[in-house]
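Asks: With the sequence up front, the predicted model follows.
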Amino acid sequence: MTRVAVERPTAGERGATTIADRVIAKIAAQAAREALDGVPEGGAAPHATVMVHHDSARVRIGVELEYPTDIGRQCGAVRLRVAQRVKALADMDVPEVVVRVERLHSDRTLAARGRLR
């Protein structure tokens, strides 16, 4: 029996995997929630917008934080976690994660609005 060598197509010829921006945005938003240990009472969950170019993603995250808190440390934790999770789950480099603190929540502001008793 004679074996015939079969040429296999290169990876580029077989096709490509494309991950939609909204999928990366969901990964990033979930990673931000993980980094922040949840959402402040009365607050909105983190949300993300993403621009993907080839194998890299630039991410913008909007978050709401408890007050008082170390805002710099919280934002740093979000940046690190988002970059790690996007790399691990989508195999994309994340050269930029911009964190925007959209609102601070404190017991005083909730009490002033009559939400806390």
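Replies: Perfect, I can see it now. Remember, it's a predicted structure, so these values are computed and weren't measured experimentally.
Asks: Only C-alpha atoms from now on, for both contacts and neighbour counts.
Replies: OK.
Asks: Would you give the sheet partners of the one helix or strand Val52 maps to, along with the direction of each?
Replies: Using DSSP states H and E, Val52 sits within strand 47-53. Neighbouring strands of strand 47-53 in its sheet, by DSSP bridges, are strand 56-66 (antiparallel).
Asks: Could you give me the buried positions within the partner strand?
Replies: Across strand 56-66, burial judged by 16 or more other C-alpha atoms under 10 Å covers 56-66.
Asks: Any chance of those in JSON lines with pLDDT and distance to Leu80 as columns?
Replies: Converted to JSON lines, the buried residues of strand 56-66 look like this (pLDDT from 0 to 100; distance: C-alpha to C-alpha, whole Å):
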{"residue": "Ser56", "pLDDT": "95", "distance to Leu80": "15"}
{"residue": "Ala57", "pLDDT": "97", "distance to Leu80": "14"}
{"residue": "Arg58", "pLDDT": "98", "distance to Leu80": "13"}
{"residue": "Val59", "pLDDT": "98", "distance to Leu80": "12"}
{"residue": "Arg60", "pLDDT": "98", "distance to Leu80": "13"}
{"residue": "Ile61", "pLDDT": "98", "distance to Leu80": "12"}
{"residue": "Gly62", "pLDDT": "98", "distance to Leu80": "15"}
{"residue": "Val63", "pLDDT": "98", "distance to Leu80": "15"}
{"residue": "Glu64", "pLDDT": "97", "distance to Leu80": "17"}
{"residue": "Leu65", "pLDDT": "97", "distance to Leu80": "17"}
{"residue": "Glu66", "pLDDT": "95", "distance to Leu80": "19"}
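Asks: Distance to Arg103 for these - can I get that in CSV?
Replies: Listed next are the buried residues of strand 56-66 as CSV, based on distance: C-alpha to C-alpha, whole Å:
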residue, distance to Arg103
Ser56, 29
Ala57, 25
Arg58, 22
Val59, 19
Arg60, 15
Ile61, 13
Gly62, 9
Val63, 7
Glu64, 5
Leu65, 6
Glu66, 9
